[in-house]
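Participant: mind looking at a prediction? Sequence and model below.
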Amino acid sequence: MSDFSGTKAPTHALPEAALSAWLHEHVPGFAGPLQIAQFKGGQSNPSYLLSTPQARYVLRSKPAPAAQLLPSAHAIEREYQVMHALQGSGVPVPHMLGLCEDEAVLGRAFYLMEFVEGRIFWAPALPGATPGERSEIYQEMLRVQATLHRLDLASLGLQNYGRAGSYFERQIARWSKQYQASITEPIAAMERLMDWLPAHMPASAHDPSEVALVHGDYRIDNLVFHTHEPRIVAVLDWELSTLGHPLADFSYHCMVWHIRSMAAARGLAGLDLAALGIPSEAEYLTRYAQLSAGHPSRLARDVAQLQQDWNFYLAYNLFRIAAILQGIAKRVEAGTAASAQAREAASGARPLAELAWSFAERAG
């Protein structure tokens, strides 16, 4: 996965003198000289590795030049807010070092956090790992997500981090708008899904007790694992986080069981999971329900209800990711995509939309 891991020269150079001045003022102990590289991964908000002889930092910024399709897009201020709130919560995140909303400094808003040493796995099949290691890694991913969904929002000061109620209605409307604003070539399955999804929401999607902090993009390559233990040391990329439905977040994480690896996404479909040591989706569902038992929601613990409504949740999330990839396609067309792999990723919008429609058809 060399196309995604590691760093490269920045696509859009940061003004080094202005950045160094800000770092001297806001980061205790900062001392140059400063080296700047850009992480290869990521399609939306670019991330940079800042290295000095004494320390390493990560800077995450809005795109440059800015290319916002939605007013809420690229909200790095929210990323900073939620990770700052999660310090010591049981959900591991990097230590936040500062937020700069003054675009006069770098020409765009940004925040700075510590660099977390560890491993990032780009392929969910975990090539090179033993079956036992894969099993432990998947159980750890599940444990951390269940912990996230059980957090007491008020104690973290996040009770107003998102709007209450009508989560799926708002999300379907949001991603429909995103798709419509970024059409390069119409996708028939997306048009059908925009009508089908609002009309087929299950009762579990409306339960008012189903409110949690959701990551929005919880997948294996947004997690940093300990250098040699099957333990998550940092959850990254909180751009899509909000207050929402935990089953939406969990089913997004589970899409990997239904996707075959391609340029736009890496999946497990078609693999011998038992031989690999990776749990089946059914086993994962059952274990999530057990781990969610401490949450006030009843439905999060009800495996039968989960299975009954599962096709809707998968259709919704595949629709959502197809809309995100269509947004990348639009940025490719405009020449503002942040990653060299953006063109390949954008090609996934149509197949994922068609897969989403297949789940809609199964749901009836």
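Facilitator: Received, thanks.
Participant: low pLDDT regions in the chain?
Facilitator: Along the chain, the model assigns pLDDT under 70 to residues 1-5, 41-44, 64-74, 262-265, 293-301, 336-346.
Participant: center of it - which residue?
Facilitator: Asp217 (2.0 Å; C-alpha atoms, centre = their mean).
Participant: mind listing what that residue touches?
Facilitator: Asp237, Glu239, Leu240, Tyr252 (C-beta atoms under 8 Å, 6 or more residues apart in numbering). C-beta coordinates here come from the backbone N, C-alpha and C atoms, glycine included.
Participant: neighbour-wise, which of the residues you listed leads?
Facilitator: Neighbour counts for the contacts of Asp217, by other C-beta atoms under 10 Å, peak at Tyr252, which reaches 24 neighbours.
Participant: please name the nearest non-neighbouring residue to that one.
Facilitator: Asn317 (4.4 Å; C-beta to C-beta, 6 or more residues apart in numbering).
Participant: can you get me a residue count around the one you found?
Facilitator: 23.
Participant: does it fall in a helix, a strand, or a coil region?
Facilitator: Recorded secondary structure, Asn317: helix (DSSP: H, G, I helix; E, B strand; the rest coil).
Participant: was I right to think it contacts Ala248?
Facilitator: Yes - with contact defined as C-beta atoms under 8 Å, Asn317 counts as touching Ala248 (6.9 Å).
Participant: Met190 touches Phe319, doesn't it?
Facilitator: Yes - the criterion here is C-beta under 8 Å, and Met190 meets it with Phe319 at 7.1 Å.
Participant: neighbour count: the two, which is higher?
Facilitator: Phe319 (29 against 24).
Participant: please report how far that one lies from Ala55.
Facilitator: 42 Å (C-beta to C-beta, to the nearest Å).
Participant: between Met190 and Phe319, which contacts overlap?
Facilitator: With C-beta under 8 Å, 6+ apart as the test, Met190 and Phe319 both reach Ala353.
Participant: and the residue nearest to the centre of the chain, that one's in a helix?
Facilitator: No - judged by three-state DSSP, Asp217 forms no part of a helix; its state is coil.
Participant: ranges for the strands of this protein?
Facilitator: 7-8, 35-39, 47-51, 56-61, 96-100, 110-114, 212-214, 223-225, 232-235, 242-244 (DSSP state E).
Participant: so which other helices or strands are in contact with the first one?
Facilitator: Packed against strand 7-8, as judged by 3 or more C-beta pairs under 8 Å, 6 or more residues apart in numbering; DSSP states H and E, are the following elements: strand 35-39.
Participant: partners of the strand it packs on, with directions?
Facilitator: With DSSP bridges as the test, strand 35-39 is paired with strand 7-8 (antiparallel), strand 47-51 (antiparallel).
Participant: could you check the angle it makes with strand 56-61?
Facilitator: 60 degrees (axes from the mean of the first three to the mean of the last three C-alpha atoms, to 10 degrees).
Participant: C-alpha coordinates for strand 35-39, CSV please?
Facilitator: Coordinates of each C-alpha in strand 35-39 appear next as CSV, following Å, rounded to 0.1, in the frame of the first residue of the first chain:
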residue,chain,number,x,y,z
GLN,A,35,11.1,20.0,7.8
ILE,A,36,7.7,19.6,6.2
ALA,A,37,6.3,16.6,4.3
GLN,A,38,2.7,15.6,3.4
PHE,A,39,1.2,12.3,4.2
